[in-house]
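My questions concern the predicted model and sequence given below.
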Amino acid sequence: MDRPPVVALDEVSKSFGAVRALSGVSLRLLPGEAHALLGENGAGKSTLIKTLAGVHRPDSGRVEVDGSERRFSTPADALAAGIAIIYQEPTLFGDLSVAENVFMGRQPLGFGRRIDEAAMHARTSELFSRLGVRLDPARPARGLSIADQQLVEIAKALSFDARVIVMDEPTAALSAHEVQRLFGVVQALRAQDAAVLFVSHRLDEVFSLCQRATVLRDGEFVWSGPLTDETPDSLVRRMVGRELSQLFPKEDTAAGDVLLSVQRLTREGVFTDVSFDVRAGEIVALSGLVGAGRSEVARAVFGIDRPDGGSVHVRGRKLKYGSPTAAMAAGIGFVPEDRRQQGLVMDASIERNTALASLGRLSTFGLLRRSSERALAQDWAVKLRLKFAKLSDPVGVLSGGNQQKVVLAKWLARKPSVLIVDEPTRGIDVGTKAEVHRLLSELAGQGVAVLMISSELPEVLGMADRVLVMHEGRLVEELSRAEATEERVAMAAAGQAVTR
Amino acid sequence: MTTQLDTAAAPPSARRTAARRLSTRVGRVRELGIVVALALVVIPTAIVNPRFIQPQSLRDLLLNASIVALLAVGQTLVVITRNVDLSVGSVLGLAAFLTAQQFADHPGTPLLAGIGFGVAVGLACGLLNGLLVALGNVPSLVVTLGTLYVFRGIDYALAQGRQVNAANLPDALLNLGSARVLGIPILVLVTVVVIAVAAVYLRSYRSGRELYAIGSNPEAATLAGIPVAKRTLTTFVLSGLVAGLAGALWVARYGTVDAAAGTGLELQVVAAVVVGGVAIFGGSGTVAGAALGALLLGTITSCLVVLQIPAFWQQAIAGALLLSAITVDRLLALRLAKALRTSEGTSHA
């Protein structure tokens, strides 16, 4: 294929504050190809996609469409150039109907430029039947499962004759049947000379679907070429750049008393009948696909969402429903999935953020002393090897990994007996990742019960003493460290657990 | 696209899901609820005092509500995008005074030109609000709280304590305030036309639907290529424009205008919009609902007067009603969210 690329990125760099997300990355998408974009979490894939989408403007480098340079200043520009993006996190309008979500801004028009609702619903149904989806075009998008939301996103991208379709982990939440349908659609798009950029952590999918691949690592371009001469192992080596086994140093600890006990916890329509224990010194991983209900279980345990049934006990004492205050008082710490929105106050300083969960202890007669905040932050910054300029800097200027350390410090300062961490290393560079893992391992060694939610199988396998697997809101598998293999966890997550 | 359609999937007509039925029902319940509330207020009042439902008093009721209803239409456009326009009362006051002064100082001013002048004043005010919110990225609550005082201040400065009386206004204008077509006051008809136009715009035009999208998920709206700043600006301009029109009609209706016209109206308008089922956090609601909300609040005030309830209690009762409307709204939203969450498994069926 020596036709000119439909879209090309040439030596693109992008920084956010002190964090260099992309440095000199190039990518060429040829007409009619499915191209895989590979890299670990935090390798810069999302930034690259958002550059293509017109969300980020590159600091340097060129974006070319059909060989001529283009500057996208808004997402509308990228859409107009025929670039459709399916984001990993669905971006739907909950109040509007599914059909309107698909055709927003491009609704079919009838008499007097009024929206032709019947045509819009018919065309949405058409797209859904191509995808093999049974969804009512007229129902509101609010309340759809993650998988269904993803399918609406895919229908949206198909609805305009895009020349480049970027799919960011489109299969993470889909069933095997839906994935097959999606692959059929991708083939049809290729036949029409569209280019598909496919981001997935599932290498088998990459090999069955894509012709070429580009690998990023820590924001840098590593390799690009045809997949014909590659094997999964060779790709993983390019992505990781080191041996996997060195990454996850969980030390064996003797498990102590049960600190956290969850019994038959249920939240209607989200998760059902979830029971498990976590002992002192143990790291228990909660695994499963995106949307399986893992984070929701964690939120319910910590009291953010109110469960409809079941109970949570900490050290044998029943926890009040729906009260994070009670959960904190009982000694639970919670590091949420989205540290920018939920874990940190981005504009506040490092010391403020570190002290946030310990304000009661740090104040005298209700007055907060700045010096005690600073002493606490200083102490933890040293312990966690935080890289920073001044403790009074806003936490937003730190790199993702260091931000995560601040979130951890905030909870560790309370000396929790149970720590729940949701995707603790998402979007963190490899070096800091290992440090976070070392930290979790040390905590377990000190007798903390750790519940870890993670989508990264190597992390789960390397860190966890036990692996619990969720599928569609139910706990379907429990594996000891010895039993847990990539295959067994993946099978259970896909709803094909052998036992139980 | 040339791909063959897959006909294996069920036809859409066969899939009217429970979730959808419920959500349309809740939409209807909102407006039906207001109608029921209206009946609950009107019927006992009419029994106590039959004169309350004579044509003339019903006309007065509609006339009184129509100015608030007009403002509520503009406010709905703004609130749907997750903003608020607190300056509408001041815009109305400024437009009313300037329109009246224009007619008084230039006796030859044609009727439509004079009203157009008021509309233009409103539009200019709305443009200022919109520019500050959309381009300055300042929260609308703060911007319009500021312009509420600025516009009112300008109003007082220009009026310098004077007022324009009916004697100085042309008959054509004053007739507009009292004239009727088929027994319905022209002012009410104008309001109905504005409601109808806005309703069709919000329902059936792309840019109208985009307002809902912006309020529903601002971030996703940007990613979908919706010109968020432009649309936001437009809603404030339209809200100002409608407030300007309402100002001109205020002159026609009351005949006497000073700088205090419409003071405090903005809170009535926001209350009407919320009672009318427009979500204060954007994304849903209709202008018809908002107008009904204005009618309900106006009717309650009238009823309380007819029932000779002390004026002290009237505000408290109106406020309690607002709270109960919001409570019902919240309960319905929770029920709906739960129903949608647990509705059948769609693609995984």
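Here it is on my side, so go on.

Can you point out the buried residues in the helix or strand hosting residue A:178?
Per DSSP states H and E: residue A:178 is located in helix A:176-191. Neighbour-count burial for helix A:176-191 flags A:178, A:179, A:181, A:182, A:183, A:185, A:186, A:188, A:189, A:190 (criterion: 16 or more other CB atoms under 10 Å in any protein chain shown). Glycine gets a C-beta too; all of them are placed from N, C-alpha and C.

Likewise for stretch B:254-274?
B:255, B:257-259, B:261-262, B:265-266, B:268-274.

Check the gap between the residue nearest the centre of chain A and chain B for me.
Nearest to the mean C-alpha position of chain A, counting by CA atoms, centre = their mean, stands residue A:426 at 6.5 Å. Separation of residue A:426 from chain B (CB to the nearest CB, to the nearest Å): 19 Å.

Was I right to think that residue contacts residue A:340?
No - assessed by CB atoms under 8 Å, residue A:426 is found out of contact with residue A:340, at 10.8 Å.

which residues does residue A:332 contact?
A:260, A:301, A:302, A:314, A:416, A:417, A:418, A:419, A:420 (CB atoms under 8 Å, 6 or more residues apart in numbering or on different chains).

quick one: secondary structure of the residue nearest the centre of chain B?
What sits nearest the mean C-alpha location of chain B, by CA atoms, centre = their mean, is residue B:72, with 1.2 Å. Each residue gets one of three states, and residue B:72 gets helix by DSSP: H, G, I helix; E, B strand; the rest coil.

Surely it is in contact with residue B:269?
Yes - assessed by CB under 8 Å, residue B:72 is found in contact with residue B:269 at 5.3 Å.

Common neighbours of those two, please.
Contacts common to residue B:72 and residue B:269, judged by CB under 8 Å, 6+ apart, are residue B:294.

what about stretch B:131-149, near chain A?
No - under the criterion of CB under 8 Å from any CB of the partner chain, stretch B:131-149 makes no contact with chain A; the nearest approach is 14.0 Å.

tell me which residues in stretch A:440-449 are buried?
So stretch A:440-449, judged by 16+ other CB under 10 Å, has buried residues A:440, A:441, A:443, A:444, A:447, A:448, A:449.

With just CA atoms, put it into PDB.
Extracted in PDB, the C-alpha atoms of stretch A:440-449 (Å, rounded to 0.1, in the frame of the first residue of the first chain):
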ATOM      1  CA  LEU A 440       0.700  -1.000  48.300                       C
ATOM      2  CA  SER A 441       2.800  -4.000  49.000                       C
ATOM      3  CA  GLU A 442       4.400  -2.300  52.000                       C
ATOM      4  CA  LEU A 443       1.000  -1.300  53.300                       C
ATOM      5  CA  ALA A 444      -0.200  -4.900  53.100                       C
ATOM      6  CA  GLY A 445       3.000  -5.900  55.000                       C
ATOM      7  CA  GLN A 446       2.000  -3.500  57.800                       C
ATOM      8  CA  GLY A 447      -1.300  -5.200  58.100                       C
ATOM      9  CA  VAL A 448      -3.600  -3.000  56.000                       C
ATOM     10  CA  ALA A 449      -6.300  -4.800  54.100                       C
END
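
Which ones among the buried residues of stretch B:254-274 lie within helices?
Using DSSP state H, B:265, B:266, B:268, B:269, B:270, B:271, B:272, B:273, B:274 are the members of the buried residues of stretch B:254-274 that sit in helices.

Include pLDDT when you put these into TSV, please.
Supplementary listing: those in TSV, determined by pLDDT from 0 to 100:
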residue	pLDDT
B:265	92
B:266	92
B:268	90
B:269	94
B:270	92
B:271	89
B:272	91
B:273	92
B:274	88
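
filter these down to the ones near chain A?
Counting by CB under 8 Å from any CB, no member of those reaches chain A.

which residues in the stretch 51-200 of chain A form helices?
Listed in chain order, the helices of the stretch 51-200 of chain A (DSSP state H, counting those that start in this stretch) span A:75-80, A:98-103, A:117-131, A:146-159, A:176-191.

is chain B contacted by the third one?
Yes - contact between helix A:117-131 and chain B, assessed by CB under 8 Å from any CB, occurs at A:117, A:121, A:122, A:125, A:126, A:128, A:129, A:130.

between these, which is nearest residue A:325?
residue A:128 (44.4 Å; CB to CB).

pLDDT score assigned to that closest one?
Per-residue confidence at residue A:128 stands at 90 (pLDDT).

give me the element residue B:84 is part of.
Assigned by DSSP H and E, residue B:84 belongs to no helix or strand.

Counting neighbours, what do you get for it?
Residue B:84 has 24 neighbouring residues, counting by other CB atoms under 10 Å in any protein chain shown.

how close does the residue in the stretch 401-500 of chain A positioned nearest to chain B sit to residue A:388?
Using CB to the nearest CB, the single residue of the stretch 401-500 of chain A nearest to chain B is residue A:472, 7.4 Å away. Residue A:472 is 42 Å from residue A:388, where distance means CB to CB, to the nearest Å.

Any idea how far stretch A:278-290 is from the middle of the chain?
17 Å (CA atoms, centre = their mean, to the nearest Å).

circling back to that earlier point, between the residues of helix A:117-131 next to chain B, identify the one with the most neighbours.
Busiest of these [other CB under 10 Å] is residue A:128, holding 27 neighbours.

Isn't it up against residue A:137?
Yes - using CB under 8 Å, residue A:128 makes contact with residue A:137 at a distance of 7.3 Å.

in the stretch 201-350 of chain A, which spans are strands?
Listed in chain order, the strands of the stretch 201-350 of chain A (DSSP state E, counting those that start in this stretch) span A:212-217, A:220-226, A:258-267, A:271-279, A:283-288, A:309-314, A:317-318, A:332-335.

so of those, which one's packed in deepest?
Burial of the strands of the stretch 201-350 of chain A is given as mean neighbour count (mean count of other CB atoms under 10 Å in any protein chain shown); strand A:283-288 ranks first at a mean of 27.

and stretch B:152-160, average pLDDT?
When pLDDT is averaged over stretch B:152-160, the result is 92.

For it, buried residues please.
B:152, B:154, B:155, B:156, B:159.

From residue B:109, how far out is the second one?
When you say that, I think you mean residue B:154. 21 Å.

again, but for the last one
As defined by CB to CB, residue B:159 lies at a distance of 19 Å from residue B:109.

Equivalent analysis for the first one, please.
Taking CB to CB as the criterion, residue B:152 is separated from residue B:109 by 25 Å.

so what's the closest residue to chain A within the stretch 51-200 of chain B up against?
Taking CB to the nearest CB, chain A has its nearest neighbour within the stretch 51-200 of chain B at residue B:200, 7.6 Å off. Neighbouring residues of residue B:200 by CB under 8 Å, 6+ apart: residue A:114.

Give me the below-cutoff pLDDT ranges for chain B.
Along chain B, the parts satisfying pLDDT under 70 run over B:1-30, B:329, B:340-349.

Do you have the helices of it handy? List them.
B:18-48, B:55-80, B:88-105, B:111-134, B:140-159, B:171-178, B:186-204, B:206-216, B:218-223, B:228-254, B:265-275, B:287-306, B:311-342.
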